[in-house]
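In: with the input below, show me the fold.
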Amino acid sequence: MAKKRGTGMAAVSYPIGMHLGGDPTGALVHATSSGNFTVALASVDVGQGLKTVMAQIAAEAIGVPLETVIIDTGDTDTGPHCSGTGASRTTHRAGNAVLAAAREARAAMLEVAAEMLEVSAADLDTDGKGNIHVKGVAEKSVSVMDTVLAATFQFGKTIAGRSMYLVPKSPQDPETGESDPHSTQAHACTVAEVEVDTETGEVAVLSLKSAYEIGRQINPELVKGQIVGGAWMGIGHTLCETTAPYYPSTEHAPLDFLNYGMTGVAEMPEVECELLEFPSPSGPYGAKGVGEMVANSPIPAIVNAINNALDLDISDIPVTPEVILRALDAQAGAEAAD
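Out: Reported below is the predicted structural model:
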């Protein structure tokens, strides 16, 4: 008996979003009397950083400091329609909705500032620091705060924007009916290195090295967090997470999460990733999405590495020690029969 090492690779293409009914998602943006901008969404932040990314998109589009954007999300009673938080769709779908609504709010804000400065709105720009100025004449300016207050108390106007993003219908071949339903796709490739103990059936993942093509990164640090978290989930799905770990009997199935097999911090390997940016023409500022995909490629890569180490052909997950030992016993029996 010995410890054997193996290497495996897997690649995935991940279509962003859902493709029924146009996958609509809406956003409402309005200025408050405190000079902030509130973005109302029904999309939900489940830890993927939605609030941060949506605030960045809105702040960039309006031309105001990030800290002045407030994200009001997760309330389907007050927020516009959202088709769901899943399918790696939120940055692309909700981001497009926020981008369009924020641009509409910006246009309304510049119209008010133009009246205050007695110029055309087309002659105005923002500095991203809370000021609106005449292009080329920085000293002729007005603050966003004063503009919002003037809109409310002087001009009786609302600075707001709204949008419902709908995936455009894809062109269809009139003869064959063929079309591409995917608005955009992200891509990934992972190489895994493992060490397998042939006596106990235990697997140690030594390293995961991946390349991801996810369009433009709105927030690189959040992307890295998604990738590491996805790798962690992928290892768990591959090696241990199941309600009946003592295959094939369910008698010893865990009754609660205290006994549920999960990958711990000590089992996490070295995780390296390279990010390739090919901006999507349909995404907000070129973004695509980076959600489920980050767990998709590590799973088959690890299984392939196990098979490479042991010369097996395991195709089901989780690859628990019991599964490996049974496969090795079957392999030995087949070799003895030959």
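
In: from here on, just use CA atoms for contacts and neighbour counts.
Out: Will do.

In: now do the strands in the stretch 151-300 of the chain.
Out: 160-165, 185-197, 203-213, 270-276 (DSSP state E, counting those that start in this stretch).

In: pick out the shakiest of those, pLDDT-wise.
Out: Among the strands of the stretch 151-300 of the chain, strand 270-276 has the lowest mean pLDDT, at a mean of 92.

In: any low-confidence regions in the stretch 201-338 of the chain?
Out: Low-confidence segments of the stretch 201-338 of the chain (pLDDT under 70): 245-249.

In: all helices for it, in order.
Out: 220-239, 293-296, 298-310, 321-337 (DSSP state H, counting those that start in this stretch).

In: the longest one packs against which elements?
Out: In terms of contact count using 3 or more Cα pairs under 8 Å, 6 or more residues apart in numbering; DSSP states H and E, helix 220-239 is assigned the packing partners strand 203-213, helix 293-296, helix 298-310.

In: just put those in CSV and tack on distance to residue 333 and mean neighbour count.
Out: As requested, the helices and strands packed on helix 220-239 are exported to CSV (distance: least, Cα to Cα, whole Å; neighbours: other Cα atoms under 10 Å):
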stretch, distance to residue 333, mean neighbour count
strand 203-213, 22, 20
helix 293-296, 33, 24
helix 298-310, 15, 25
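
In: can I get the strands of the stretch 151-300 of the chain in JSON lines including distance to residue 109?
Out: Below are the strands of the stretch 151-300 of the chain laid out as JSON lines (distance: least, Cα to Cα, whole Å):
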{"stretch": "strand 160-165", "distance to residue 109": "8"}
{"stretch": "strand 185-197", "distance to residue 109": "35"}
{"stretch": "strand 203-213", "distance to residue 109": "36"}
{"stretch": "strand 270-276", "distance to residue 109": "36"}
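
In: ok, which of those comes nearest residue 86?
Out: The minimum distance between residue 86 and the strands of the stretch 151-300 of the chain falls on strand 185-197, with 14.6 Å, by Cα to Cα.

In: so where's the longest helix in this structure?
Out: In the chain, taking DSSP state H as the definition, the longest helix is helix 90-117.

In: in that helix, which residues are buried?
Out: 90-114, 116-117 (16 or more other Cα atoms under 10 Å).

In: next one: stretch 118-133
Out: For stretch 118-133, the neighbour count (16+ other Cα under 10 Å) marks 121, 124-126, 128, 130-133 as buried.

In: swap in stretch 179-188?
Out: By neighbour count on 16+ other Cα under 10 Å, the buried set for stretch 179-188 is 181, 183-188.

In: for stretch 263-282, same thing?
Out: Neighbour-count burial for stretch 263-282 [16+ other Cα under 10 Å]: 263, 268-269, 275, 279-280, 282.

In: okay, the residues you listed in TSV with distance to residue 165 next?
Out: Below are those laid out as TSV (distance: Cα to Cα, whole Å):
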residue	distance to residue 165
263	38
268	39
269	40
275	27
279	19
280	16
282	11
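
In: so how far is residue 112 from residue 149?
Out: 10 Å (Cα to Cα, to the nearest Å).

In: one more: residue 145?
Out: 12 Å.

In: same question, residue 160
Out: In terms of Cα to Cα, residue 160 sits 12 Å off from residue 112.

In: could you do residue 10 as well?
Out: 54 Å.

In: give me the buried positions along whichever helix or strand residue 39 is part of.
Out: Take DSSP states H and E as the rule and residue 39 turns out to sit in strand 37-40. Neighbour counts over strand 37-40 (16+ other Cα under 10 Å) mark 37-40 as buried.

In: can you pull out the low-pLDDT segments for the stretch 51-200 of the chain?
Out: In the stretch 51-200 of the chain, no residues with pLDDT under 70.

In: give me the neighbour count for the residue lying closest to residue 268 once chain neighbours are set aside.
Out: Distances taken as Cα to Cα, 6 or more residues apart in numbering put residue 232 closest to residue 268, at 6.8 Å, once the chain neighbours are dropped. Using other Cα atoms under 10 Å, residue 232 has 22 neighbouring residues.

In: how near is residue 35 to residue 205?
Out: For residue 35, the distance to residue 205 - Cα to Cα - is 51 Å.

In: equivalent analysis for residue 11, please.
Out: For residue 11, the distance to residue 205 - Cα to Cα - is 18 Å.

In: repeat for residue 133
Out: 56 Å.

In: and what of residue 166?
Out: From residue 166 to residue 205 the distance is 42 Å (Cα to Cα).

In: again with residue 257
Out: 23 Å.

In: re earlier: OK, contacts around the residue nearest to residue 268?
Out: 263, 268, 295 (Cα atoms under 8 Å, 6 or more residues apart in numbering).

In: give the contact list for the last one.
Out: Going back to what we said before, that points to residue 295. 227, 230-234.

In: from these, which is closest to residue 327?
Out: residue 234 (21.7 Å).

In: surely the closest one and residue 303 touch.
Out: No - with contact defined as Cα atoms under 8 Å, residue 234 does not reach residue 303; the gap is 10.7 Å.

In: just name the closest of the buried residues of stretch 179-188 to residue 241, please.
Out: residue 188 (23.0 Å).
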